[in-house]
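>>> below is the structure, and that's it, no one-letter string:
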């Protein structure tokens with residue numbers, strides 16, 4: 001399998017205060033869970049990327065689901081968020097997985113408070 005270099009940018013220096021409460025995040029997660037599904041089908045069967053998977057099948061992996069919530073927060077509430085590289089919980093890891101093999105979403109409220117959401121796993 002070909003792996004590409006992970007390119008990241010520091011978003012912490014550009015955080016501006018955003019006014020919202022956690023109910024908006026919970027509602028956005030509910031919206032995602034009601035309208036999308038975790039699936040690798042679009043990638044395997046149709047060689048799609050995460051954006052294409054979500055647009056065509058309303059499904060995808062951790063990247064696609066995080067992108068769905070990111071778009072929803074921006075479109076509905078004008079809330080900025082950032083895709084972040086992540087690890088997965090130890091109980092779901094396999095020895096063949098890379099250390100950073102997952103994506104979650106960082107939703108800054110201000111410079112001291114950042115919510116992390118992970119729509120690919122259905123637990124708090």
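Nice, thanks for sending it over. Note that the structure is predicted; figures quoted are calculated from it, not measured. Numbering: from 1, shown residues only.
>>> spit out the contact partners of residue 42.
Contacts for residue 42 were tallied using CB atoms under 8 Å, 6 or more residues apart in numbering; they are 48, 52, 53, 56, 57, 59, 60. Bear in mind the C-beta positions are built from the backbone N, C-alpha and C, glycine included.
>>> can you tell me how far it sits from residue 55?
When CB to CB, to the nearest Å is applied, the distance between residue 42 and residue 55 equals 10 Å.
>>> what does residue 35 give?
13 Å.
>>> what of residue 99?
With the distance defined as CB to CB, residue 99 ends up 30 Å from residue 55.
>>> tell me which of these two has more neighbours.
The neighbour count for residue 99 versus residue 55, taken as other CB atoms under 10 Å, is higher for residue 55 (13 against 9).
>>> contacting residues around the longest strand that the chain contains?
Looking across the chain with DSSP state E, the single longest strand is strand 102-108. Outside of strand 102-108, the residues that reach it under the criterion CB under 8 Å, 6+ apart are 11, 15, 18, 25, 62-63, 66, 69-70, 73, 79-88, 114-120.
>>> and the residues you listed, which of them are buried?
Among those, those scoring as buried are 15, 18, 25, 62-63, 66, 69-70, 73, 79-84, 86, 88, 114, 117-120 (criterion: 16 or more other CB atoms under 10 Å).
>>> which sections of this structure are below the confidence cut-off?
Residues of the chain meeting the criterion pLDDT under 70: 1-2, 122-124.
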